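Trainee: How does the following fold in three dimensions:
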Amino acid sequence: MTVIFPLEIKCALCGTSTTQYGLASTNEFGSRDLDLRPAQMMRSTMHNWVQQCPNCGLCAASIDKAPAGAAELVRSPRYQALLGDATRMPQLARWFRAQSLLEERGGDLASASHAALCAAWACDDARETEAAIDCRNHAIGLFVRAADSGQSPTDGSERVGRNLVLIDLLRRTSRFDEARTRCQLVLEAADPTHRAIAQYQLTLLDAADTAVHRVDEAKLPESKLPKARATKARPGARLLGFLGRLIRARW
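Mentor: Prediction:
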């Protein structure tokens, strides 16, 4: 069961107090998508993963905390234009993109990439294909920069997990050659689940398939097939830190 509760939060930038809605717990039934987007019911709680201050526009997992440099960026025409441009992408996606910009400014590229990916999911839900591609391309750049700057997992399984998400982002944006290169890296991994997912991605790449697909469509070992599960809410969790463990433990 999904549990949502109201709470009064004071904005870390402007001090405005507003009622926000926190996510205490939720659950998942079925397989995640290949980019690790959760199944229902967690899938429908995205509007509780990001908060916006209605006064200054700060967007964060919790607006009582702001990344370094947030005040200057929030006041900038670029940031305010992003929030106000309803023609560019849906509101929820704009909030996540704004959060991504702020996390990037603060130097947390892992959280910035996660927020950019969430923006793509919000665009998917609104059937805004071009905006979703734009958000995925932005997320790809952040994932790669996170790795280059040392903000990547040190555990081998988690590094492979990052590559699996990148493969799906690249495929969904028609960057097929780059996706194939990363598939070959994953196929060298020892874990049969990782290899099965990479092999399935190669099948999709050969068909130039850019549609959404689920993890359970790959030929996974029987013990790795998805099961119903409950989870505590992690509205501000970094995607990179959980990739390998999610794939190993849950699939």
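
Trainee: number of nearby residues for the nearest residue to S149 once chain neighbours are set aside?
Mentor: Of all residues not flanking S149 in the chain, L109 sits nearest, at 6.2 Å (Cβ to Cβ, 6 or more residues apart in numbering). Every C-beta, even on glycine, is put in place using the N, C-alpha and C of the backbone. As a burial measure, L109 scores 25 neighbours (other Cβ atoms under 10 Å).

Trainee: Please tell me how far L109 sits from R162.
Mentor: In this view, L109 and R162 are 12 Å apart by Cβ to Cβ, to the nearest Å.

Trainee: Isn't W121 up against M46?
Mentor: Yes: judged on Cβ atoms under 8 Å, W121 makes contact with M46 at a distance of 6.6 Å.

Trainee: need the helices for the stretch 51-200 of the chain, in chain order.
Mentor: Taking DSSP state H, counting those that start in this stretch as the test, the helices found in the stretch 51-200 of the chain are 70-75, 77-84, 91-105, 109-125, 129-148, 156-172, 176-187, 192-206.

Trainee: Name the stretch among those that sits most buried.
Mentor: Neighbour counts (mean count of other Cβ atoms under 10 Å) averaged over each of the helices of the stretch 51-200 of the chain peak at helix 109-125, with a mean of 26.

Trainee: Compute the inter-axis angle for that helix and helix 156-172.
Mentor: 40 degrees (axes from the mean of the first three to the mean of the last three Cα atoms, to 10 degrees).

Trainee: helices or strands up against helix 109-125?
Mentor: helix 91-105, helix 129-148, helix 156-172 (3 or more Cβ pairs under 8 Å, 6 or more residues apart in numbering; DSSP states H and E).

Trainee: for the strand of greatest length in the chain, packing partners?
Mentor: Ranked by residue count and defined by DSSP state E, the top strand of the chain is strand 17-28. Contacts defined by 3+ Cβ pairs under 8 Å, 6+ apart place strand 17-28 against strand 3-10, strand 229-232.

Trainee: Worst mean pLDDT among those strands?
Mentor: Out of the helices and strands packed on strand 17-28, strand 229-232 stands lowest, with a mean of 53 (criterion: mean pLDDT).

Trainee: on that earlier part again, show me which positions of the longest strand of the chain end up buried.
Mentor: 20, 23, 26, 28 (16 or more other Cβ atoms under 10 Å).

Trainee: how much space is there between the third one and A61?
Mentor: Right, the one you point to is T26. For T26, the distance to A61 - Cβ to Cβ - is 15 Å.

Trainee: and the residue nearest to L202 when sequence neighbours are not counted, what pLDDT?
Mentor: Leaving out its chain neighbours, the residue that sits closest to L202 by Cβ to Cβ, 6+ apart is C183, at 5.2 Å. C183 carries a pLDDT value of 96.

Trainee: Quick one: residues contacting C183.
Mentor: Neighbouring residues of C183 by Cβ atoms under 8 Å, 6 or more residues apart in numbering: 167, 198-199, 201-202, 205.

Trainee: Apply 7 Å and report the result again.
Mentor: Listed by Cβ atoms under 7 Å, 6 or more residues apart in numbering, the contact set of C183 reads 167, 198, 201-202.

Trainee: before we move on, what about A119?
Mentor: 93, 96-97, 100, 135.

Trainee: can you name the two of these that are farthest apart?
Mentor: A93 and S100 (10.3 Å; Cβ to Cβ).

Trainee: Q52 is in contact with W95, isn't it?
Mentor: Yes: using Cβ atoms under 7 Å, Q52 is in contact with W95, at 5.2 Å.

Trainee: anything in contact with each of the two?
Mentor: With Cβ under 7 Å, 6+ apart as the test, Q52 and W95 both reach C59.

Trainee: what's the distance between T26 and C56?
Mentor: Here T26 is placed at a distance of 29 Å from C56 (Cβ to Cβ).
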